[in-house]
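Q: Quick check, what structure comes out for this input:
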Amino acid sequence: MSMVFAVNRKVHFNYFIEESIEAGIVLTGSEVKAIRAGMISFNDGFAAFKNNELFLYNVHISEYKYSSIFSHDPNRLKKLLLHKQELKRLKRKVDEKGITLIPIDFHYTNHKIKVTLGLCKGKKLHDKRETLKNKDIERDIARELRERNR
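A: Model prediction:
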């Protein structure tokens, strides 16, 4: 059973996603409760290597209001858990020009909160225009089909 807590809706508009990877994440108890309450923001978040370990940057988990006074820091770095071979492979790919690790969503799997990371390449302005044009065309086609089926 998998339950999605938060989704980065802009990732498909701003990036080409070449591959997605599910990673574990090191959290404190109040962070887990805050994520389950939907108090997470990661629109400009990314993952980067620091001392051969992978960390999430710019992920804001608001303080859980029912926790004690010893609550978590909302902007702290979150360590990601992956196998050593996966880390080496990702490091090789990220070292290529223009490839970044972007969090796509946070979800609940097997009693653990996981993050789906996308191996992304940024879109240029003309690619974004093309995406918008295709979306408009699909919307028009769906509207025509609905009207025809009435």
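Q: Helices along the protein, start to end?
A: Ranges of helices within the chain are 11-14, 29-36, 84-94, 125-149, based on DSSP state H.
Q: So which of these is the most surrounded?
A: helix 29-36 (a mean of 19; mean count of other Cβ atoms under 10 Å). Quick note: C-beta positions are derived from backbone N, CA and C, even for glycine.
Q: list the helices and strands that one packs on?
A: Judged by 3 or more Cβ pairs under 8 Å, 6 or more residues apart in numbering; DSSP states H and E, the packing partners of helix 29-36 are strand 2-7, strand 60-61, strand 112-122.
Q: rewinding a little: ok, which of the helices of the chain comes nearest residue 49?
A: Among the helices of the chain, helix 84-94 comes nearest to residue 49, with 5.8 Å by Cβ to Cβ.
Q: ok, residue 114 - how many residues close by?
A: Number of residues near residue 114 (other Cβ atoms under 10 Å) recorded here: 18.
Q: my bad, residue 96
A: 9.
Q: Roughly how far does it sit from residue 16?
A: 13 Å (Cβ to Cβ, to the nearest Å).
Q: again, but for residue 57
A: Following Cβ to Cβ, the distance that separates residue 57 from residue 16 is 21 Å.
Q: Where does pLDDT dip in this structure?
A: Low-confidence segments of the chain, defined by pLDDT under 70, span residues 1, 70, 73.
Q: if you set the cut-off to 80 instead, what comes out?
A: Residue ranges of the chain with pLDDT under 80: 1-2, 64-75, 96-98, 150.
Q: Please name the nearest non-neighbouring residue to residue 107.
A: Closest residue to residue 107 apart from its sequence neighbours, by Cβ to Cβ, 6 or more residues apart in numbering: residue 4 at 4.6 Å.
Q: Report the contact partners of that neighbour.
A: Going by Cβ atoms under 8 Å, 6 or more residues apart in numbering, residue 4 touches 105-108.
Q: From residue 40, how far off is it?
A: 12 Å.
Q: which residues are in contact with both of the two?
A: By Cβ under 8 Å, 6+ apart, the residues touching both residue 4 and residue 40 are residue 106.
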